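Q: show me the folded form of this:
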Amino acid sequence: MCFFSYSYLPWFEVFYKFLNILADYTIKGQESQWRELLKSLYTLPIPDPGVPVQLSVHSYFTVPDTRELPSIPESRNLTEYFVAVDVNNMLHLYVSMLYERRILICCSKLSTLTAYVHGSAAMMYPMYWQHVYIPQLLFQIHHVTVELNIDLNHFPKMSSLCNRLKKVSTTTGDGVARAFLRTHAALFGSYRNALQIEPSQSRSEEVFVTHRSSAMRQFLQNAIQQQLFKQFIDGRLDLLNAGEGFRDIFEDEINMGEYAGSDNNYHQWLFTVKKGGGAIFNTVRTKANPAMKTVYKFVSEGIKEVKSRLKQKVRCVLNLI
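A: Okay, the predicted model is just below:
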């Protein structure tokens, strides 16, 4: 018998817990208990973040709040990721993800590989990895993969992030996640200054890039073309234009840092939007990175090739029979 969890909800610790409970019931031969637990989970409406849920006497959990930073050791993925990877490789992976590179991660243990992938993706908050995850290596892909780091040559100095990570390397809590959050605030916190109320003004993308130091401009020019940044801006604009506004730990980090003064602009945008105006970041709605089409085409062709090879093997077996 095999149990597995299949869900779009990023509740890793919750599912790990229930898989262990189900395994314990199975070992003890308590079939009625695990059937009751599965039925309760299946019929349970999705509760709000932070709400405690009691399914039975021994089955309970607190709904994770994805708006909070993951912490060590509570976050299984982040804990395993930080233990398995040193600071230098962590920075290499972080930069590669910001530039939306195709990243090949290999590991002899599937659970460690899973933690590595999701732990590193969690450090991108408030942005999210926009591309596909391919859980298994496609046929002969390693023959066309070249390991070469060129991104760090075009990335702003990472000394502050490196120092923060080294300081929290022996501590628990959300220090690791907050180190990355502060880096994002330093890199992208000025996006507020580039939001505009009327499209007749100068292009806001240019404002976002040109008002920063020369050392940052090349990076920002590349960053605004990435899908994860475009998706982040679209999400902020949707909330702002709906009159809801946004307030989260990323905005709080910006307010405490170098760009705290831009908080006044935020309230001005929200007031204008409620009166019927509209905030924009560019005169044209952001579009998906064309590289995504290439990724999907690459994956599709690889899967078709694998299926074709399997069919050929089946035919050979049938011919032998």
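Q: out of everything not next to it in sequence, what's closest to Tyr16?
A: Arg76 (6.2 Å; Cβ to Cβ, 6 or more residues apart in numbering). C-betas here are computed from N, CA, C, even on glycine.
Q: just the strands in the chain please.
A: Along the chain, counting by DSSP state E, strands occupy 52-54, 60-62.
Q: tabulate these (TSV), appending mean pLDDT.
A: Putting the strands of the chain into TSV (pLDDT from 0 to 100) gives the following:
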stretch	mean pLDDT
strand 52-54	88
strand 60-62	86
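Q: quick one, helices of the stretch 51-200 of the chain?
A: Under the criterion DSSP state H, counting those that start in this stretch, helices of the stretch 51-200 of the chain are mapped to 76-84, 87-98, 110-122, 159-167, 175-188, 191-194.
Q: go through the first one and flag the buried ones.
A: This means helix 76-84. 76-82, 84 (16 or more other Cβ atoms under 10 Å).
Q: and the furthest pair within those residues?
A: Greatest spacing in the buried residues of helix 76-84, by Cβ to Cβ: Arg76 and Ala84 (12.3 Å).
Q: quick check: neighbours shared by these two?
A: Common neighbours of Arg76 and Ala84 are listed as Ala115 (criterion: Cβ atoms under 8 Å, 6 or more residues apart in numbering).
Q: hang on, the earlier thing: nearest to Tyr25 among the buried residues of helix 76-84?
A: Distances from Tyr25 to the buried residues of helix 76-84, taken by Cβ to Cβ, are shortest for Arg76, at 21.3 Å.
Q: still on that earlier bit, which one of the buried residues of helix 76-84 is nearest to Leu9?
A: Among the buried residues of helix 76-84, and counting by Cβ to Cβ, the member closest to Leu9 is Asn77, at 14.1 Å.
Q: show me the contacts for the closest one.
A: Per Cβ under 8 Å, 6+ apart, neighbours of Asn77: 12, 70, 114-115, 118-119, 122.
Q: narrow the residues you listed to those that are buried.
A: Among the contacts of Asn77, those classed as buried by 16+ other Cβ under 10 Å are 12, 70, 114-115, 118-119, 122.
Q: contacting residues for Val209?
A: Per Cβ under 8 Å, 6+ apart, neighbours of Val209: 217, 220-221, 224.
Q: give me that answer again for 6 Å
A: Residues counted as contacts of Val209 (Cβ atoms under 6 Å, 6 or more residues apart in numbering) are 217, 220-221.
Q: among those, which are located in helices?
A: 217, 220-221 (DSSP state H).
Q: about what we covered before: deepest of the strands of the chain, which one?
A: Among the strands of the chain, strand 60-62 has the highest mean neighbour count (mean count of other Cβ atoms under 10 Å), at a mean of 14.
Q: which residue packs closest to Arg212, ignoring adjacent ones?
A: Leu220 (6.1 Å).
Q: kindly apply the preceding question to Leu239 instead.
A: Phe246 (4.6 Å).
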